[in-house]
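> missing the sequence, but the structure's below:
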């Protein structure tokens, strides 16, 4: 009888312990079985960022420097190989300005008509029948024979007369030569009178009756022109040119 009571007591104690364990197991059942193996790291355990020690900044700066170098190379390629100084550029511009400067006082297309009209008025018989044309670097030169001993040379740029020269040989008649000189003056200075021409001849050394003993070579500025007188081995050159 005592043995049965002992077994009954042990059985009741086992039931009592089993009932106390069930709530704890229920609470554990509500928790996710994967909670403790999550791959997320708590905020307070996040690894700190590794400083880049300025590596990105240096890379950006290197890229900028490479772009600047490329721009400079492109600029050098665009520049002319033989660069000139400002002084050389100024001199070049001045030279070009002189080259294109054209005096438009006397058009060449009416020159022959005007010259022959002066010959008629002075009864000189120094007529232009035709011109021979010759190209040069600054324009065109036209030559016409007035007689066996005198030739007229006319320099033309852009269809305008720039200078008129009378070339005579040593066998020329002095009066005819001086008459030709006066026609050069008259066509370049149509407003001058005969006494003005005589005064100019006196200045350059032409004496009475066409005496050339005291003839003075040189350049004589006169208003907006320059007259040049030169003695050559073949004879004389008298030229008038616009300044």
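Ah, there it is. Keep in mind the model is a prediction, meaning the values are calculated, not measured.
> what's the single longest strand in this protein?
strand 160-169 (DSSP state E).
> Quick one: list the elements packing against that strand.
strand 150-157, helix 174-188, strand 235-242 (3 or more CB pairs under 8 Å, 6 or more residues apart in numbering; DSSP states H and E). For every residue, glycine as well, the C-beta is placed using N, CA and C.
> Now do the buried residues in that strand.
Within strand 160-169, the residues that count as buried by 16 or more other CB atoms under 10 Å are 160-168.
> now do stretch 117-124
Residues 118-119, 124 are the ones in stretch 117-124 that count as buried (16+ other CB under 10 Å).
> Not counting its own residues, what contacts stretch 156-175?
102-109, 111, 138-142, 146, 149-155, 177, 180-181, 183-184, 187-188, 210, 212, 234-242 (CB atoms under 8 Å, 6 or more residues apart in numbering).
> Narrow those to those that are buried.
103, 106, 108, 111, 139-142, 146, 149-155, 177, 180-181, 183-184, 187-188, 235-242.
> By mean pLDDT, which helix or strand of the chain comes out lowest?
helix 86-100 (a mean of 48; mean pLDDT, DSSP states H and E).
> Would you mind pulling up the elements that the helix or strand just after that one packs against?
Elements were assigned by DSSP states H and E; along the chain past helix 86-100, the next helix or strand is helix 111-122. The contact analysis (3+ CB pairs under 8 Å, 6+ apart) places helix 111-122 against helix 174-188.
> Now the element after the helix it packs on, going C-ward?
helix 194-203.
> In that next one, which of the residues would be classed as buried?
Neighbour-count burial for helix 194-203 [16+ other CB under 10 Å]: 197, 200-201.
> Mean confidence (pLDDT) on that helix, please.
For helix 194-203, mean pLDDT is 95.
> follow-up on the earlier one: okay, the buried residues of helix 194-203 in CSV with distance to residue 230 next?
CSV is the format used below for those (distance: CB to CB, whole Å):
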residue, distance to residue 230
197, 19
200, 16
201, 16
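> What residues are recorded as beta-bridge partners of the closest residue in space to residue 154 that isn't next to it in sequence?
Using CB to CB, 6 or more residues apart in numbering and skipping residues adjacent in sequence, the residue nearest residue 154 is residue 142, 4.6 Å away. Beta-bridge partners of residue 142, counted by DSSP bridges, are residue 133, residue 154.
> Verify the stated contact: residue 142 with residue 136.
No. With contact defined as CB atoms under 8 Å, residue 142 does not count as touching residue 136 (11.1 Å).
> Low-confidence stretches in this protein?
Scanning the chain for pLDDT under 70 picks out 1-65, 71-100.
> if you set the cut-off to 90 instead, what comes out?
Within the chain, the segments meeting pLDDT under 90 span 1-104, 135-139, 223, 243.
> quick one on the thing from earlier: looking at the helices and strands packed on strand 160-169, which is nearest to residue 227?
Closest approach to residue 227 among the helices and strands packed on strand 160-169 (CB to CB): strand 235-242, 5.0 Å.
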